[in-house]
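**Student:** Attaching a predicted model along with its sequence, questions to come.
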Amino acid sequence: MYRDAVPVAKSMYRISMLLPTLRLCYILGYFSGDVTKVIINSIGVVGSDYCIRLDNDLTSGVFSWAVITSVYLEMRRRGFDVSALRYEDLVARPLDMCRVILEFCHLPVSLAELAVKAFDRDSHRNAISAASVLRRFKEPQLTPEKKTRLDELLKNFGFPPIGEQSIVEGTFSCLD
């Protein structure tokens, strides 16, 4: 499942307020792109290709989105049978998208209504990352300066700028 880059960045920023290790990455990444290189190395990707300074509070999330989406697209190019689900589509048409997912998984489509009811509960309600906790933190704003920088970053990864729809290849749709 993926989401548009800016909501990912805003969410990651708020989560960083709860996870000390992630917060430290944001702080140290502001000073040097070597931090991102080390982090990317740790997940099994060649980090030297991703030495990016985290120069604002949205860069880390957009950067993470771009890396993960690039890895997904590379897997598809190499012939792996992987598909994607866009969060915004699931929220906009939950019943239809649940039917598509259940059908893909060879599960009874009749379970779709029950699946949609699960969206009414915070799946993290008893965790540190519960929605009620995350709402306490102000989300960062997308200023024109930040947008320019993030658009540059996305362009380097071959993705369209913020504001243009970025639906990746292999995304499930209920419009088919």
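**Tutor:** Structure received. Numbers count the residues shown, from 1 in each chain.

**Student:** got the contact list for the helix or strand of the chain with the lowest mean pLDDT?
**Tutor:** Across the helices and strands of the chain, the lowest-confidence element by mean pLDDT, DSSP states H and E is helix 131-134, at a mean of 76. Residues outside helix 131-134 that contact it (C-beta atoms under 8 Å, 6 or more residues apart in numbering) are 11, 14-15, 18, 122, 124-125. Any C-beta I mention is one placed from the backbone N, CA and C, and that applies to glycine too.

**Student:** Looking at those residues, spot the one nearest residue 63.
**Tutor:** residue 11 (13.9 Å; C-beta to C-beta).

**Student:** Now do the buried residues in whichever strand or helix holds the closest one.
**Tutor:** Assigned by DSSP states H and E, residue 11 belongs to helix 5-16. The neighbour-count check on helix 5-16 (16 or more other C-beta atoms under 10 Å) flags 5-6, 8-10, 12-16 as buried.

**Student:** want to try a markdown table for those residues, with pLDDT and distance to residue 84 as columns?
**Tutor:** What follows is these, written out as a markdown table (pLDDT from 0 to 100; distance: C-beta to C-beta, whole Å):
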| residue | pLDDT | distance to residue 84 |
| --- | --- | --- |
| 5 | 93 | 14 |
| 6 | 94 | 18 |
| 8 | 91 | 14 |
| 9 | 94 | 18 |
| 10 | 94 | 20 |
| 12 | 90 | 19 |
| 13 | 92 | 23 |
| 14 | 90 | 24 |
| 15 | 89 | 21 |
| 16 | 89 | 25 |
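
**Student:** Number of residues surrounding the nearest residue to residue 4 once chain neighbours are set aside?
**Tutor:** Nearest in space to residue 4, with sequence neighbours left out and distances taken as C-beta to C-beta, 6 or more residues apart in numbering, is residue 88 at 6.2 Å. Here the neighbour count serves as a burial measure; for residue 88 (other C-beta atoms under 10 Å) it reads 13.

**Student:** and residue 88, what helix or strand is that in?
**Tutor:** Secondary-structure assignment from DSSP H and E places residue 88 in helix 87-92.

**Student:** Put the alpha carbons of that helix into PDB.
**Tutor:** Once side chains and other backbone atoms are set aside, the C-alpha atoms of helix 87-92 remain, and they are given as PDB (Å, rounded to 0.1, in the frame of the first residue of the first chain):
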ATOM      1  CA  TYR A  87      -4.400   4.500   0.200                       C
ATOM      2  CA  GLU A  88      -6.300   7.500  -1.300                       C
ATOM      3  CA  ASP A  89      -8.300   5.100  -3.500                       C
ATOM      4  CA  LEU A  90      -9.100   2.900  -0.500                       C
ATOM      5  CA  VAL A  91     -10.400   5.800   1.500                       C
ATOM      6  CA  ALA A  92     -12.400   7.300  -1.400                       C
END
